[in-house]
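Q: sequence and predicted structure below; questions after.
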Amino acid sequence: MVTGELHGVVTPIITPVDDEDRVDETAFRRQIQRLIAAGIHGIFVGGSAGEGPLLTGREWERMVSIARDEVGERAYLLGGAIDTSTRRVLEKVRLLRDLGYGHCVVTPTYYLTLRHPDEFLRLFGECAQHAGGMEVIAYNIPSCTSSAIPIEAVIELVRRGYIRRIKESSGDLDYVMRLLHEGAAAGLRVLQGDERLMAAALRAGAVGIVPGCSNVEPQAFLGAYHAAQAGDEAELDRYAARIAQVRASVALAGAQWLSGIKYAVSRLGIGSGRAVSPLQPLTAEQQAAIDAFLLNSQEMRIEP
């Protein structure tokens, strides 16, 4: 049973699907079980790696319901409330709240890009008002939303009590360092989502990491987090090198990073490896490269 403040390694879990992009419940539960058994601190459902915004409304509800049932109190549970307008986001916030989620993760709304700081304050303020006992976590991922949450808006959100944490996935080191240094006085806590910056962010005071590749090899990320907590610079560097290798061999194997991660998990015995349409699948050559990497890795295979 998890207790205390959210911290550590939070896996943005993939969502195994069938040929009609329906949630594969059996495979989804097996991946949750595998990650919890590995020692992951938390599970983030329905984020970018979980393809939450790509699923139909019905399948999104199935996904978050299955995860709530399977995780129970064994790990922190975060649910993505990601959509194109405040009202659409609030529908998801309320459902997560009613299911008993402890945290909901909200990106800026997208399609019509947010441009004024007040738009961010309005969105996250309304989410906080409807979250009940849930904690709202801001999610900065401009590659998907086309808008970065201004640093000043993040700090104001904390001051107003709308958020306490941000999941930061911009890949902008200067932005991350500003969050960590300028947000500290306001009480902001940072979860680093870009794998390239995780070692630097942990050294600078990030309370956790949210790595997509931990779906494949959770031990590398747990090792990095624990090394940072212990102040073991050499060990952190060693794990950071392994993380870079996993990312290059799996997430960057093809045109679509998620296809590489889902394929690798399928080769460990979980799910079909299919990414939700229209995301580009791997070629046979790219699949073979991941197969070779897994064959030479220390990750224990799971029999289908």
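A: Looks like it arrived, so ask away.
Q: switch to C-alpha atoms for all contacts and neighbour counts from now on
A: Will do.
Q: where do the helices sit along the stretch 51-200 of the chain?
A: Ranges of helices in the stretch 51-200 of the chain, per DSSP state H, counting those that start in this stretch, are 57-71, 86-99, 117-130, 142-145, 151-159, 173-182, 198-203.
Q: now, of the ones you listed, which is deepest in the fold?
A: helix 198-203 (a mean of 22; mean count of other C-alpha atoms under 10 Å).
Q: so which bits of the helix or strand containing residue 293 are buried?
A: Assessed by DSSP states H and E, residue 293 sits inside helix 284-296. Within helix 284-296, the residues that count as buried by 16 or more other C-alpha atoms under 10 Å are 286-287, 290-291, 293-294.
Q: nearest to residue 42, of those?
A: Proximity of these to residue 42 (C-alpha to C-alpha) peaks at residue 294, which lies at 24.2 Å.
Q: how near is the closest one to residue 26?
A: Separation of residue 294 from residue 26 (C-alpha to C-alpha, to the nearest Å): 23 Å.
Q: same deal with residue 241?
A: Taking C-alpha to C-alpha, one finds residue 241 at 33 Å from residue 26.
Q: more crowded one of these two?
A: residue 241 (15 against 12; other C-alpha atoms under 10 Å).
Q: residues contacting the nearest residue to residue 100 once chain neighbours are set aside?
A: Among residues not flanking residue 100 along the chain, residue 68 sits closest, at 7.6 Å (C-alpha to C-alpha, 6 or more residues apart in numbering). The contact partners of residue 68, taken as C-alpha atoms under 8 Å, 6 or more residues apart in numbering, are 77, 99-101.
Q: show me which of those residues are buried.
A: Applying 16+ other C-alpha under 10 Å to the contacts of residue 68 flags 77, 100-101 as buried.
Q: quick one: which of these is nearest to residue 85?
A: If you rank the buried ones among the contacts of residue 68 by distance to residue 85 using C-alpha to C-alpha, residue 101 comes first, at 21.3 Å.
Q: can you tell me the closest non-neighbouring residue to the closest one?
A: That would be residue 77: by C-alpha to C-alpha, 6+ apart, it lies 6.2 Å from residue 101.
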